[in-house]
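Q: give the three-dimensional model of this entry:
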Amino acid sequence: MNYEQLIHETALADERLIVMTAENRALIRNLPGPLGRRFIDTGITEQTMIGAAAGLALRGRVPVVHALATFLTLRAFEFIRTDVGIPHLPVKISSFVPGFLSDGNGPTHQAIEDISLMRGIPGMTVFAAADEQDMLAMLPAIWASPDPAYVRVNTRPATYQHAPFEMGKAEVVSEGKDVTILTYGMLFEQALVAKDLLTQAGHSVGLVNLRSLKPLDTEAVLKVVRGGSLVVTLEDHFQTGGLYSIVAELLLENELTAKVLPLALKEKWYKPGRLSEVLEYEGFTGQHIARRIGEKLGDRAEQFAEKTKVQENIFAE
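A: Got it, this is the predicted structure:
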């Protein structure tokens, strides 16, 4: 089962579902024939697509729209906010190549502020799956919800067998006494590598796949914070407005403090290249993540490398 097969099956079972795209058919290229008039390509017109989707939603349809993440969240932001957000319409936004998944593209095509923008719209829900398996488990509930939704599409192959998805609930992979990594999206794969390396170094490591940034599983995050361990927020997003900001807001609301290490893009876009090159250059491979966390925990860099026997980056293209 892949994304195209899932949306095809869902559309056949529910005549309300409309598949739309702004000339980005990478995920849905075989659907025009089977869906007929329920497949709409508006051309390179993201604003028009969102406006049309809002109109269809007002008529009882459930539009699932597709385009590059950066153009959906930036070029069409006013339409998402005004046409979808204000009337709270069930338009489902599938954003293609968000974050580091836009690897070879320069800053104009890098959606690394999308979480910040989308979560700022009242009533908008925001999701980012760890991999394709995780995403396919999440999408039926997201598409069935009456809420507008923003989804970071992730078709990376799974390297972990995920727990069933529950709306608004995080997936707690492990609990740790020394450090807990909070993450979402495609960096979950690197977080798993970092977790294994830190464990080899003698640390007790927790890992949480948040899945949903809004609604946030506040109970899971607060449990981690109250446990007293180092909290790491790991994300392919600007540090401002993303997970680090989400956690900071939650701590302030609950009058809590914590030792937090943000691993994000701080006041910068990333250098384009192959995905493995981007992760290596920007310091987001599992090995880099483990070293940075280890240093924060008091490990010397050379000791850490020796203890973990760090190998070359194993992230597959």
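Q: C-alpha from now on. contacts and neighbour counts both.
A: Fine.
Q: quick one, what contacts the nearest residue to residue 11 once chain neighbours are set aside?
A: In this structure, residue 11 finds its nearest non-sequential neighbour in residue 17, 5.3 Å apart by C-alpha to C-alpha, 6 or more residues apart in numbering. Under the criterion of C-alpha atoms under 8 Å, 6 or more residues apart in numbering, the neighbours of residue 17 are 10, 11, 38, 61, 62, 63, 64.
Q: domains for the chain, by residue range?
A: 3-152, 171-307 (automatic domain parsing).
Q: how long is the longest one from one end to the other?
A: Across its full length, domain 3-152 reaches 13 Å end to end, with C-alpha to C-alpha, to the nearest Å as the criterion.
Q: most neighbours among the contacts of residue 17, please name it.
A: Scoring these on neighbours with other C-alpha atoms under 10 Å, the highest-scoring entry is residue 63 at 29 neighbours.
Q: partner strands of the helix or strand hosting it, parallel or antiparallel?
A: Using DSSP states H and E, residue 63 falls within strand 62-68. Using DSSP bridges, strand 62-68 pairs in its sheet with strand 17-21 (parallel), strand 92-96 (parallel).
Q: and the contacts of it?
A: 16-25, 46, 49-50, 53, 56-57, 90-98, 109, 143.
Q: which residues touch residue 80?
A: With C-alpha under 8 Å, 6+ apart, residue 80 has these contacts: 50, 73.
Q: on the three-state scheme, it is what?
A: Secondary structure, DSSP: H, G, I helix; E, B strand; the rest coil: residue 80 is helix.
Q: change the start of the numbering to 30 and stick with it
A: Sure, I'll start numbering at 30, so the last one becomes residue 109.
Q: so how far is residue 178 from it?
A: 10 Å.
Q: where do the strands sit along the chain?
A: 46-50, 68-70, 91-97, 121-125, 154-157, 178-181, 200-203, 208-212, 234-238, 241-243, 259-267, 289-294 (DSSP state E).
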